[in-house]
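Q: below is the sequence, then the predicted model.
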Amino acid sequence: MNMPSPEQLIRQLDLDEQETAEWIAALHSVLESSGPERARFLLSQLSSAARDAGLNWRDARITPYINTIRPQDEAPYPGGSDAVAIEEKIAGILRWNALAMVVRANRAYGELGGHIASYASAADLFEVGFNHFFRARTSEFGGDLVYFQPHSAPGIYARAFLEGRMSADSLAHYRQEISAKAKGVQGLSSYPHPWLMPDFWQFPTGSMGIGPISAIYQARFMRYLEHRQLLAPQPRKVWGVFGDGEMDEPESLAALSLASREKLDNLVFVINCNLQRLDGPVRGNGHIVDELETLFGGAGWNVIKLLWGSDWDPLFARDANGELIDALNRTVDGQLQTFAANDGPFNREHFFGQSPGLQAIGATLTDDEIDRLKRGGHDLRKIYAAYHAASNHNGAPTVILAQTKKGFGMGTAGQGKMTTHQQKKLEQQDLVEFRDRFKLPLTDTQVENLEFYKPADDSPEMRHLHARRAELGGFMPRRVDQRVPLAVPPIESHAQFALEADGKEMSTTMALVRMMGSLLKDATLGKHVVPIVADEARTFGMANLFKTVGIYSSQGQLYQPEDIGSILYYREAKDGQILEEGITEAGAISSWTAAATSYAVHGLPMLPFYIYYSMFGFQRIGDLIWAAADQRARGFLIGATSGRTTLGGEGLQHQDGSSHLVSASIPNCISYDPAYAYELAVIIDDGMQRMLQKNEDVFYYVTVTNENEAQPSMPKDAREGILRGMHCVSPSKKAEVRLLGAGPLLKEAMAAADLLEGIFSVKTEVWSVTSFSELARDSVACERNRRLQQSDEEAWVTQKLKGSKAPVIAVSDYVRAVPESIRAFVPAHFVTLGTDGFGRSDTRASLRDFFEVDAKWIAYTALAEVYAGKKTAAEMREIAAKLELDLDKPLSTSI
Ligand SMILES: Cc1ncc(C[n+]2csc(CCOP(=O)(O)OP(=O)(O)O)c2C)c(N)n1
């Protein structure tokens, strides 16, 4: 038995239908006589009167399962029916070429993968954008930015092929990037990857959820640049086309309220609600559209439901007593999918057959017409009207919930099928049906051979396609890397205090903030610096920046801050420079990425510093950093309060001992763990030169700590070693042991050297390792060069440590795998110490003893090597006792 719909229930509950009708008539009459503004006003008055009367009434936030825009309110289609007909033809051609690309690749190599059904459902949504809305960057206009649903990439390539900027050869090498290159052909990446196709893709979206949050922060960063008068205000838009399944990712929904709070009417989301994800329906037993309407609407977005095509309009017009709407309201998504997968007779029987009223509506259509009834996301006119309304909406972002059919046009082979997402093969009969469905002028043989189709240059389709793109400023997507070099001030201008520290006490965090403060004041570079925090500016000693550059707020400051009397009061300003994002590392890194890629997206290089608890970086938001790397980000990630034993007190979820392991795995991420302020100064200087002046597509991960230390001045000639990964800070001729100390534990290594020399008369040399990962990268490259007969150059670490057989002990505040990465290239006996295991709350001294990385443990480890084969176990125990070490304590990783 069918459950009654909410509307039916309401009708059953209606104790006085006449009274109801009178209220509704009153509303209509106000609408007619005084217009929608007045009607809205009266409704909100009624609502507050209801609240005052204690009715506890609230609008349900779900509108019926029909289009938000009424037919009479639709903006007319530019070019009218002719344009619609041509664009439908173009969409059909694109669908074919996209399909042929995937099926061909998989005929050749079954392992390659690819998707047909997603683009088949999204093609019309993209086409209306390409033909009427997506404006390219020109010399006068900054251009719209589009985040493309990743597995629709074949369709975007198919369009570039028609546009003449991608060859048939390239299409034939979809997902064969390596072999294509060997043949001199541009291969096509699976999904949008700027790293792999740097002239084409702007934004990587292949990992679900990254696109939506990135698009929101991108739109917000555009506003930031405008409010800071770095970009001329222009009516640019950020468009994001995403999947309905993708909206389940936490990142997809994470920043919805930011978008409305910031009134980002430069942002439009188009959610392709084909009601399916990979394995099955997104919400088989409900309505994903309604759920998203509630979520987006609740977050303050303008919501446009785009559910039904124009051919449904006469049906709704005939639906005098609301039976059709009732039926749609209660048909859950799983059932809608089944309807999509079946033909006209099935739909007549199972949908229109539900009641006599519906039967009568269905009777006005042939089976074929029922079969062809369009969902809103496949009707160009309806899509245009929705996009037009979205583009013209002021004061809030818009989401268009566009209902489509997954695998649209794939017929019985794929449309609406449970398995359609992964379908990459089609039989000849299915291909022929597809051709016929979209009226493609291909012979059966051409279909069998999966030939790509491009109409003649002077055909109406090609002329239309080119004219539309010319009107909209050129082709898209297109990534432009203008290589605008930005002058970097000399290191002395902002880091003299660090180069000549002369024993002054400070932490590397303090040094970093001081350098950044000076860079912010630089006449040329200053305005390009973007300091970003989630919520710990005070923890990192950045409160002085509140005063000097202010916290960005699109509304300025509408309140008198509590601390207005203090010099460093919490100052928000419309032209504020700091992005203080609140407790959202995902949001803060998205802002960082927008800033770090501004050089390509806006032709405006920026220099972002995102400073955060190092534990909440690569571990928590590693995938967003990976996407930034793909996007060729340039900027500094500063892992502050770093080091598993250096962040005393905080414990297991705060003490990071592994971020350098992850950062080392990202090819264009240059990581450093400096010990001294002067090392940090050199690293920041080099980073700015490489990223801003030389325009290299690299970004930096630098860990800094909150441990105060006496900072030495920079020794002469240390620069190269600092940058390559190690330099000697305490040389010793004829050293019996060599200690490599990294970051905060260099101090322990130095103290260990004092113990070794002072108590045990063991000659010790100490090296500061600024980057194990840079040493390892260099070593691996040198080793390979040698093997491939390309060069004889030795790795930096080998060059520095050869000429002695004295054992080498390495220690860092990270897991042992970090120093282990150079083992093969150390030309002596090598021992590593590290902080493997869970952190815990205690003092630095206790933690370093626990993890066996303090001066005494380093000294003991060194002695164990120096005395190997020379001292007995009892003698070694005596040494340990002298150092007050417990040799029977458990391993730090023991459980
Ligand atoms: C983070 C992440 N998890 C899983 C996947 C694998 N994946 C690719 S497409 C897809 C289904 C997408 O469904 P939907 O968003 O509804 O898009 P549709 O293809 O239906 O348009 C999945 C699970 C991914 N790309 N990223």
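A: Cool, got the structure. Numbering: from 1, shown residues only.

Q: dump the residue contacts of Leu887.
A: With contact set as CB atoms under 8 Å, 6 or more residues apart in numbering, Leu887 has these partners: 876-877, 880. Where C-beta positions appear, they are placed from N, C-alpha and C, glycine not excepted.

Q: tell me which residue in the stretch 51-200 of the chain sits closest to the ligand.
A: Ser118 (3.5 Å; CB to the nearest ligand atom).

Q: that residue contacts Ser152, correct?
A: Yes. The pair formed by Ser118 and Ser152 meets the contact definition of CB atoms under 8 Å, at 5.3 Å.

Q: for this protein, what lies in contact range of the ligand?
A: Within reach of the ligand by CB under 6 Å from any ligand atom, the chain has these residues: 118, 121, 151, 206-209, 243-246, 272, 274, 276-278, 282, 406, 421.

Q: just how off-centre is stretch 146-156 within its chain?
A: What separates the centre of stretch 146-156 from the centre of its chain is 15 Å, taken as CA atoms, centre = their mean, to the nearest Å.

Q: ranges for the helices of the stretch 251-400 of the chain?
A: Here the stretch 251-400 of the chain has its helices, by DSSP state H, counting those that start in this stretch, at 256-261, 288-298, 313-318, 323-330, 333-341, 344-350, 356-362, 367-372, 380-391.

Q: right, and the ones you listed - which one's nearest Met714?
A: Shortest separation from Met714 across those is recorded for helix 256-261, at 42.3 Å, computed as CB to CB.

Q: now do the strands in the stretch 101-250 of the chain.
A: All strands of the stretch 101-250 of the chain, identified by DSSP state E, counting those that start in this stretch, fall at 145-147, 238-243.

Q: once you drop chain neighbours, what's closest to Gly556?
A: Taking CB to CB, 6 or more residues apart in numbering as the measure, Gly556 lies nearest to Lys574, with 4.6 Å between them; neighbours along the chain are not counted.

Q: from Val530, how far off is that neighbour?
A: Per CB to CB, to the nearest Å, Lys574 is found 16 Å from Val530.

Q: these two: who's more crowded?
A: Neighbour tally, Lys574 and Val530, criterion other CB atoms under 10 Å: the higher count belongs to Val530, 27 against 15.

Q: dihedrals phi and psi, the more buried one?
A: Note on Val530: backbone dihedrals following degrees, to the nearest 10 are phi -120, psi 100.

Q: dump the residue contacts of the residue lying closest to Ala573 once chain neighbours are set aside.
A: The spatially closest residue to Ala573, leaving aside those adjacent along the chain, is Gly550, at 3.9 Å (CB to CB, 6+ apart). In this structure, Gly550 makes contact with 571-573, 575-578, judged by CB under 8 Å, 6+ apart.

Q: what's the burial count for the residue of the stretch 51-200 of the chain closest to the ligand?
A: Look at Ser118: counted by other CB under 10 Å, it has 27 neighbours.

Q: quick one: residues contacting it.
A: The contact partners of Ser118, by CB under 8 Å, 6+ apart, come to 149, 151-152, 243, 272, 274, 406, 421.

Q: try 7 Å
A: Ser118 makes contact with 149, 151-152, according to CB atoms under 7 Å, 6 or more residues apart in numbering.

Q: how much space is there between the nearest residue to Ser260 once chain neighbours are set aside and Leu306?
A: Of all residues beyond its chain neighbours, the one nearest Ser260 is Gly300 (3.0 Å), with distances taken as CB to CB, 6+ apart. Counting by CB to CB, the separation of Gly300 from Leu306 is 20 Å.

Q: and the two? Which one has more around it.
A: Here Gly300 and Leu306 are compared on neighbour count by other CB under 10 Å; more neighbours surround Leu306, at 29 against 15.

Q: identify the residues contacting Lys800.
A: Counting by CB under 7 Å, 6+ apart, the residues that Lys800 touches are Met726.

Q: in the helix or strand encompassing it, what counts as buried?
A: Counting by DSSP states H and E, the element that carries Lys800 is helix 796-801. For helix 796-801, burial by neighbour count (16 or more other CB atoms under 10 Å) applies to 796-798, 800-801.

Q: other SSEs contacting the top helix by length along the chain?
A: Criterion DSSP state H: the longest helix present in the chain is helix 17-52. In terms of contact count using 3 or more CB pairs under 7 Å, 6 or more residues apart in numbering; DSSP states H and E, helix 17-52 is assigned no packing partners among helices or strands.

Q: mind listing what's buried along that helix?
A: Of the residues in helix 17-52, 30, 39 count as buried by neighbour count, 16+ other CB under 10 Å.

Q: one step back: now the helix holding Lys800: average pLDDT?
A: This predicted structure assigns helix 796-801 an average pLDDT of 98.

Q: tell me how far the helix or strand that comes right after that helix is from the chain's mean position?
A: On the C-terminal side of helix 796-801, the closest following helix or strand by DSSP H and E is strand 808-811. Per CA atoms, centre = their mean, the displacement of strand 808-811 from the mean C-alpha position of its chain is 38 Å.
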